[in-house]
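Q: here is a sequence with its predicted model. Questions after.
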Amino acid sequence: MKTLLGIAALLAFAASPALAIVQTGFHLGIDRNGHETYEREFGSDLGDDEVVTIFSHDIKDPILAGVHLFVDILPFIDLEAGIESSFAKYKYEYQAAGLALRDQEVTYGRIALYGSGKFHFISLPMFRLYVGGGAGYHLITPLFGEELVREELESGGDYDLDLGDILSRRSHFGLHVLGGVRLQPVFLPFALSLEGRYFMLPENEFGDETNKFLSFTLGLDFGA
């Protein structure tokens, strides 16, 4: 968080028109972090022979939306800070110990506060190609899977679980690299950007494959 606070302070200082061109905007896109159908049968750890059956339907690539602040502060480096969220609905099924089959729709998603630096290696009056990187603080949901269910069975001590309640977001501090193209017509008060980012987050305690993924966004910035 100290890194993000430092970035925010730098952006606030840079917001003076004498120092930088500042634009605010929003971006839309997808996280390329969908997952295929998941199904498991396993014996419980509660001291008997009951079998637990879990089934998770396909998770589509989450839809992403966010807002950001863009600062053109140096000849070849731009800064950006923002907040974004991505989400996708999916269904799961759970059955154990003679209980009725339980199914529920839940949300798989991510909320992030991030900061990025962008080096433009080709810069023309209305066109820039850039690469860069940054860091962020992410809240991301775990996947409905065997390790998650086992943990909840052990901690709860019985089979009567409302697993929708335990699919809460876990926090992760992670890095990303990026590349993109930015178009800013000199006769219009906005800019367009098409950007790809690759996120590298720590693996969660359940071993989910949710920590490394691509996102693609289309951004629109307004300002001087």
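A: Yep, it's here. Residues are numbered from 1 along each chain as shown.

Q: which regions of the chain sit below the pLDDT cut-off?
A: Residues of the chain that meet the criterion pLDDT under 70 lie in 1-20, 47, 224.

Q: quick one, helices of it?
A: Along the chain, counting by DSSP state H, helices occupy 2-14, 146-156, 163-166.

Q: quick check: the residue positioned nearest the centre of the chain vs Leu64, distance?
A: Centroid-nearest residue in the chain, with Cα atoms, centre = their mean: Arg110, separated by 4.2 Å. Counting by Cβ to Cβ, to the nearest Å, the separation of Arg110 from Leu64 is 8 Å. For glycine as for every other residue, the C-beta is placed from the backbone atoms N, C-alpha and C.

Q: over to Gln104?
A: In this view, Gln104 and Leu64 are 24 Å apart by Cβ to Cβ.

Q: who's more crowded, these two?
A: Leu64 (22 against 15; other Cβ atoms under 10 Å).

Q: return the residues in contact with the more buried one.
A: Neighbour list for Leu64: His27, Leu28, Gly29, Ile30, Asp31, Glu84, Ser85, Ser86, Ser215, Thr217 [criterion: Cβ atoms under 8 Å, 6 or more residues apart in numbering].

Q: apart from its chain neighbours, what residue comes closest to the last one?
A: Looking back up the chat, that one is Thr217. Closest residue to Thr217 apart from its sequence neighbours, by Cβ to Cβ, 6 or more residues apart in numbering: Gly29 at 3.4 Å.

Q: rewinding a little: please check the contacts of Leu64 and keep the buried ones.
A: His27, Gly29, Ile30, Asp31, Glu84, Ser86, Ser215, Thr217 (16 or more other Cβ atoms under 10 Å).

Q: who is Thr217 paired with across the strands?
A: Going by DSSP bridges, Thr217 is paired in beta bridges with Gly29, Glu195.

Q: roughly how far apart are it and Val181?
A: Separation of Thr217 from Val181 (Cβ to Cβ) stands at 12 Å.

Q: same check on Glu93?
A: 44 Å.

Q: if I look at the residue nearest to the centre of the chain, how far off is Phe87?
A: 8 Å.

Q: identify each buried residue in the longest strand along the chain, please.
A: The residue-count maximum for a strand in the chain (DSSP state E) belongs to strand 102-124. Using 16+ other Cβ under 10 Å as the test for burial, strand 102-124 gives 106, 108-118, 120.

Q: ok, of those residues, which one's closest to Arg150?
A: Closest approach to Arg150 among the buried residues of strand 102-124 (Cβ to Cβ): Val106, at 18.2 Å.

Q: please tell me I have it right and that closest one contacts Asp165.
A: No: judged on Cβ atoms under 8 Å, Val106 makes no contact with Asp165 at a distance of 9.5 Å.

Q: pull the contacting residues for Gly98.
A: Glu50.
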